[in-house]
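1. just coords:
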């Protein structure tokens with residue numbers, strides 16, 4: 001989104017400045033961030049729990065903050081620990097984003113939808129014929 005804002009001629013900020021690609025933080029940087037922010041919010045969380053958040057968010061800062069904010073808010077409102085608030089917070093986040101996800105999905109072709117379904121159910125793809133036939137992934 002930001003790249004389009006600054007690199008497309010028809011956009012308001014075309015060539016406004018030098019492009020600089022930001023890298024994801026290291027896992028250790030993200031762990032420190034989570035630990036410190038939960039602590040500032042009144043909660044002590046384990047490294048294992050922080051890693052669970054990082055893994056779910058693929059160590060992407062926006063997703064880490066979004067999920068952590070949902071967890072923190074859920075824990076505060078329910079009087080539970082962040083660990084207990086994790087599952088309901090994740091569910092709430094996914095429900096809140098459902099329209100966004102559906103908008104993306106509606107732009108996919110039937111074949112792309114089958115590939116997405118296969119990856120979502122298995123977490124990986126394979127070229128084995130049984131897998132490809134099960135999801136009708138052969139070119140038509």
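-> Ah, there it is. Small disclaimer: the values here were computed from a predicted structure and weren't measured.
2. what's the least confident helix or strand in the chain by mean pLDDT packed up against?
-> Every helix and strand of the chain was ranked by mean pLDDT, DSSP states H and E. The lowest is helix 2-7, at a mean of 74. For helix 2-7, not one helix or strand is in contact under the criterion 3 or more C-beta pairs under 8 Å, 6 or more residues apart in numbering; DSSP states H and E. In short, each C-beta sits where N, CA and C put it, glycine included.
3. following element in sequence after it, please.
-> Counting by DSSP states H and E, the element after helix 2-7 in chain order, helix or strand, is helix 27-40.
4. which strands and helices sit next to that following helix?
-> helix 47-56, helix 61-78.
5. mean neighbour count and mean pLDDT added to the ones you listed, as CSV?
-> Converted to CSV, the helices and strands packed on helix 27-40 look like this (neighbours: other C-beta atoms under 10 Å; pLDDT from 0 to 100):
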stretch, mean neighbour count, mean pLDDT
helix 47-56, 16, 96
helix 61-78, 17, 96
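6. per-residue confidence for residue 1?
-> pLDDT recorded at residue 1 is 67.
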